[in-house]
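Participant: The sequence and its predicted three-dimensional model are supplied below.
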Amino acid sequence: MRKYLLKRVFYMVLTLFLVATITFFLMKLMPGTPYSNQQKMTQQQIQIMNQQYGLNKPIWQQYVIYIFGMLHGDLGTSFQFSNQPVSYLISSRIGASAQLGAQAMIFGVFFGIIIGSIAAINRNTWIDTTSTVVSIIGKSVPNFVLAVLLQYYIALKLGWFPIADWGGFSYTVLPTIALGVGPLAETARFVRTGMVDVLNSDYIELARAKGLSKFGIVYHHALRNSLIPLVTLIGPYTVALMTGSMVIENIFSIPGIGEQFVKSILVNDYPTIMGVTMLFSAGLVAIILLTDIVYGIIDPRIRLSGSEG
Amino acid sequence: MEEKIKLNSDSFQPLAKSESLDNEKIAAPSLTFLQDAWMRLKKNKGAVVSLFIVLIMVVVAFGSTPFIDHNSLVKSAPKYANLPAKIPGVSINGFNGKLKVAGKWVDEYRQNNVPKDKYFVLGTDYLGRSLAERIIYGTKISLIVALVATFFDLTIGVAYGIISGWKGGRVDTIMQRIIEIISSVPNLVIVVLMLLVLKPGMTSIICAIAISSWTTMARMIRAETLSLKSQEYVLAARTLGESPLKISLKHLVPNLSSIIIIQTMYTIPTAIFFEAFLSFIGIGISSPQTSLGVLLNDGQKNFQFLPYQMWYPAIVLCVLMIAFNLLGDGLRDAFDPKTRR
Amino acid sequence: MKFNRLAKLGLVAAFSAIALAACGSKSTNSSMASKQVLNWNETAELPTMDLSTATDTVSFDMLNNSMEGIYRLGKDSKIEPGLATKTQVSNNGEKYVFTLRKNDKWSNGDKVTAKDFVYSWRRTVDPKTASQYAYLFSGIKNADAIMNGKKGVSTLGIKADGNYKLTVTLEKKIPYFKLLMGFPVFFPQNQSAVEKYGSKYGTASKYMVYNGPFTLTKWTGSNLSWTLKKNNNYWDKKDVKLSAINYKVNKSNTTAYNLYQSGKLDETNLGAEQAKQLSNSKDYVVRKNASTFYLQYNQTKKEFQNKKIRQALSMVINRKQFVNKVLGNGSTAAKGYVSDGLAKHNGKDFTDSAYVKSAVTYNASEAKKLWAEGLKELGVKDLSFTILSDDTDAGNNTTQFLQSQIEENLKGAKVSVENVPFKTRLSRSTNGNFDVVVTGWGADFADPISFLDLFTSSNPENNGKWKNTQYDKLIEASKTTDASNTTKRWNDMVQAEKILMKDQGIAPIYQQSLATLVKPKVKGVIYNSAGVNYNFKNAYISK
């Protein structure tokens, strides 16, 4: 197990290194400069500015400097916020995004499992149909449309929650729902499908024959086994939440990383784009590793080594 | 008395070959896998209705090609801008050219001096273009995006996942690393980079989808292949010396079909949403082309004043999604050998 | 200067401004609400408070309200007293002596002295600071040489005689010099604070000292809200009525409007559709800007060297319909390249004097004719090209409208549109990587030359490479031989614009405005169309 983990961590680092390399060189291909006023600046000024940002060195040197800087947690200086280190920009904004993402994930997965299980147990009844319709509608509405609707009807018209901004828990409710409905619908569908399969299988019949209670069967056998495909979805969920956060944070004016990322792209703030890309990548890679480990724990049939023989 | 059974000599003749098989004959006609699935699908009312909806949408969207082309999309009439829906003969508020302005229903057509015989079934956008036309065209573009994503899912995704899971060992490790790298770069970055090489529009979106969309499918297929690989029937097939290609086609793919279909049904909304998301940030389809995402995004900006501009594309998108989802469920029940009882 | 939503660049102009109702100083306390807190919407983050490196509107707005320079620009960019109590100008206009007031303090307790100005100006022109606005110093003695690294910063034409006397020497007369003194780049900086905070200077509200009507608080450097709080050390604090201005960044207009409706904001920007729908509201306020948006043709390409093609593309644009029906935010149809209301001579606006009707008027039939002739001259049947623009709402609306107008009316025209982020657009313009680009230009100062200079053949910002020797000669004359003769200089510039318009070197489309909603109880806010936009010094909330 330890050997396996070490190996995986090594690959993780390798992945991140490759991502850093590819992104770095692709960024260098992008047009535009950090200066909004280049034509008004003197040659001397541009030279000095290039020096400050390290843009005057050959690209391979910039690359080496970047990689080494990154190892020390130095992601360079932002182009749009003068003198602001990227690591500070990220660290000051990651909190809101992480909280929102975690809440949305918990909200989505928790209610998704409940709805999915109820639907599977009451298969082919009106409860099943209702929950299917609910989850399908949840999946069919783009989160920005949902966000706009929630903001208008729940926040402005009914006044139940704040319209926008970031403060206490009440500020997080609407964005969490808007962001979490996608995972909720997805989870519900997967849990239902998986559980229907499991409920039809022989060992459940056996359990039933043994006289286990309905709840016992669902909880001890069905749920555990139908959660397996769910685990593989956590990776894609994370990606979806990252992407979704860019839009949701924009609409609810939340000082998060996704919103920052979109802005950076629009103003060619390469160091910030690189920094956030690395952060997203690291998060994703870590989640994938975690997924694999968890997968091994809940389904012992899969050998952790993942290799043959 | 001895009872004698008279046995003729021909009683000892072996039966003709054809007759012997007759004994075992099953009354129902034999069905192929597909026929079997189709029968099951037909029993599912929701799925059939959905199938028809999807078919109608596909036919309308693609059938409109000769009528709604570049020229009709590019045509604008700012004098008819932002008119609500008007269907002649219908006098329900919302469909009679009236719009709720500051709490009162106002006849926008009269206000803007629109000729009596001129009407737009679903209203117009800010350049006075028919919303109905744009929604049909937008549906087509969204369907194309979905088809492209599905295509990559089914080809690259499935093949990649099976190979990776089946081969295992070093091959698997390398293939998984590649997936990790691809999926570790946010989609948005890929699109932005595509925009450098290509112009904004369909091509760059398709490229971005080609690069990144199939990874989830591949990962799920791999995971399932890993667990199928150690199943008895696969072991048996291997022991019998079946070639890996045959095993994967005969044993793996049918058993994976449920995952493949569900995942495809997951890919379609994801792809359509991805395109919509790009439109939201402003780097999606470029005009005069449009997509449901673009229309939704334009609509949500004016939601408080011109709600119809968001509702109509949203309804079309939702109906499309619901149809795809129900159809997916139906297909899954029909195809999946495991639920066959 | 190039215009966009993120960085509305440099500006020192003066002219039309919109102030809301009465001026604060005239008001009596009885008409004021007891709670003087304003909630203001902002569309972008505050990137820096270091006035030497600031480049965007938000930064300049915050600096203008939290710092004090020699002058403060009031309504209509009128010069109002700042730190200077007395100004002496030499006869040739090349030397200014300012006497500063003794009762203004930095928020760290230091007195504001002439040395703070010397330090600040030297810091800005020092190429090491890489200030993107240092070019405004051009004309002050040795500024250009210093920026080019040829002379030391100490040679800059600014000198402190004692603590409260400041002498500035110019290389030549600058007619708009006093206006410049109201621009934040020319404000003082406290040396001990700059040195104490080092690289952190100006990156958060606590790493900064203030001497203006307000001090900045609650800004961490990257967050989406901050507050301007009344500064009790300010020399004129009795005239500052607001106790605080709370800023909130809302990038979505819909969100901001929702917040406005619920009373959480006292002001909000409106998107195109919102503006159209709300234009009858009593809260509706249009902020006019000194900037013109126009089509720039890439004249290194053969097809756009053809005058008839250029004219056809201009005549096919129905500008009135565009601003009223499509943009709808109070923007006006362009009457020419130089923006309307920028400068007057003998009571006549520049735009009226230099008006060339055919260059900015919709005429579809003439356009069709010219287009057909143009294609014939080029020897082609059809012409496809790309229109490049920003990826903002206005940019998208503009390109879609143009595309439809051109393709509908001009046979054989095939237009594709590209909407890219501002900086990408800028770099593509600079590199000549475009066919036709929709671009904007805003006045640096209230003189037509600020616009016209752009299209001389030697100007590095003349991205379309339009060339006309007569035009170059007239502009040169306005700067040299006719510089002292106001009428001659004026006529030179009018002639130049007429040449540009008659040749359709560019096709002006609209003059930009910003549509906003402001609660009627908010009074005394000063908005200048160029230079720093907002001045809240005398703003207050009425009952």
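Facilitator: Looks like it arrived, so ask away.
Participant: Could you pick out the residues of the stretch 151-300 of chain A near chain C for me?
Facilitator: A:151-152, A:155-156, A:159, A:163-166, A:250-255, A:259-260, A:263, A:265-268 (C-beta under 8 Å from any C-beta of the partner chain). In this view, the C-beta of every residue, glycine as well, is placed from N, C-alpha and C.
Participant: Could you list the low-pLDDT ranges of the stretch 1-150 of chain A?
Facilitator: A:1, A:30-40 (pLDDT under 70).
Participant: interface residues of it facing chain B?
Facilitator: With C-beta under 8 Å from any C-beta as the criterion, the stretch 1-150 of chain A meets chain B at residues A:11, A:14-16, A:18-19, A:22-23, A:26, A:29-31, A:132-133, A:136-137, A:139-142, A:144-145, A:148-149.
Participant: In helices, which of the residues of the stretch 151-300 of chain A next to chain C appear?
Facilitator: A:250-251, A:259-260, A:263, A:265-266 (DSSP state H).
Participant: Determine which two of those are furthest apart.
Facilitator: A:251 and A:265 (17.6 Å; C-beta to C-beta).
Participant: Have a look at those two and say which one is more surrounded.
Facilitator: residue A:251 (27 against 23; other C-beta atoms under 10 Å in any protein chain shown).
Participant: now that one, nearest residue through space, not along the chain?
Facilitator: residue A:147 (4.6 Å; C-beta to C-beta, 6 or more residues apart in numbering or on different chains).
Participant: Please give me every residue in contact with the nearest residue to residue C:502 once chain neighbours are set aside.
Facilitator: Closest residue to residue C:502 apart from its sequence neighbours, by C-beta to C-beta, 6+ apart: residue C:356 at 5.6 Å. Residues in contact with residue C:356 (C-beta atoms under 8 Å, 6 or more residues apart in numbering or on different chains) are C:336, C:497-498, C:501-502.
Participant: just checking, what packs against the host helix or strand of residue B:39?
Facilitator: Following DSSP states H and E, one finds residue B:39 within helix B:33-43. Using 3 or more C-beta pairs under 8 Å, 6 or more residues apart in numbering or on different chains; DSSP states H and E, the elements in contact with helix B:33-43 are helix B:45-63, helix B:308-335.
Participant: Now do the longest one against helix B:45-63: the angle between them, please.
Facilitator: The directions of helix B:308-335 and helix B:45-63 differ by 130 degrees, with axes from the mean of the first three to the mean of the last three C-alpha atoms, to 10 degrees as the criterion.
Participant: Helix B:308-335 vs chain C: in contact?
Facilitator: No: using C-beta under 8 Å from any C-beta, helix B:308-335 stays clear of chain C, with a minimum separation of 8.7 Å.
Participant: Name the nearest residue to the residue nearest the centre of chain B, ignoring sequence neighbours.
Facilitator: Nearest to the mean C-alpha position of chain B, by C-alpha atoms, centre = their mean, lies residue B:268 at 4.4 Å. Leaving out its chain neighbours, the residue that sits closest to residue B:268 by C-beta to C-beta, 6+ apart is residue B:146, at 4.4 Å.
Participant: hmm, back to that, where neighbours are concerned, which of the ones in helices among the residues of the stretch 151-300 of chain A next to chain C has the most?
Facilitator: residue A:260 (29 neighbours).
Participant: Now name the helix or strand holding the nearest residue to it once chain neighbours are set aside.
Facilitator: Leaving aside its chain neighbours, residue A:260 sits nearest to residue A:93 (5.5 Å; criterion: C-beta to C-beta, 6+ apart). Using DSSP H and E, residue A:93 maps to helix A:86-121.
Participant: chain center to whichever helix or strand comes after that helix: distance?
Facilitator: Downstream of helix A:86-121, the next assigned helix or strand under DSSP H and E is helix A:126-140. Here helix A:126-140 is found 24 Å from its chain centre; the criterion is C-alpha atoms, centre = their mean, to the nearest Å.
Participant: which parts of helix A:126-140 are buried?
Facilitator: A:128, A:131-132, A:134-136, A:138-140 (16 or more other C-beta atoms under 10 Å in any protein chain shown).
Participant: Would you check which pair of those lies furthest apart?
Facilitator: A:128 and A:140 (18.2 Å).
Participant: re the thing from before, let me know the closest of the ones in helices among the residues of the stretch 151-300 of chain A next to chain C to chain B.
Facilitator: residue A:265 (5.7 Å; C-beta to the nearest C-beta).
Participant: pLDDT (mean, whole number) over stretch C:37-56?
Facilitator: Taken as a whole, stretch C:37-56 has a mean pLDDT of 88.
Participant: Sorry, slip of the keys, the one I care about is stretch C:271-281.
Facilitator: Stretch C:271-281 comes out at a mean pLDDT of 83.
Participant: Residue 160: what's it in contact with?
Facilitator: No chain specified, so I'll use chain A. Residue A:160 neighbours (C-beta under 8 Å, 6+ apart): residue A:154.
Participant: ah, I was thinking of chain C
Facilitator: Contacts of residue C:160 (C-beta under 8 Å, 6+ apart): C:113-115, C:117-118, C:166-167.
Participant: Name the member of those with the most neighbours.
Facilitator: Most surrounded of the contacts of residue C:160: other C-beta under 10 Å gives residue C:166, at 27 neighbours.
Participant: Relative to residue A:64, how far out is the closest residue to chain A within chain B?
Facilitator: At 3.3 Å from chain A, residue B:321 is the closest residue in chain B, using C-beta to the nearest C-beta. Separation of residue B:321 from residue A:64 (C-beta to C-beta, to the nearest Å): 48 Å.
Participant: Between those two, point out the one with more neighbours.
Facilitator: The neighbour count for residue B:321 versus residue A:64, taken as other C-beta under 10 Å, is higher for residue B:321 (21 against 12).
Participant: could you give the mean pLDDT of stretch C:316-323?
Facilitator: On average, stretch C:316-323 scores 90.
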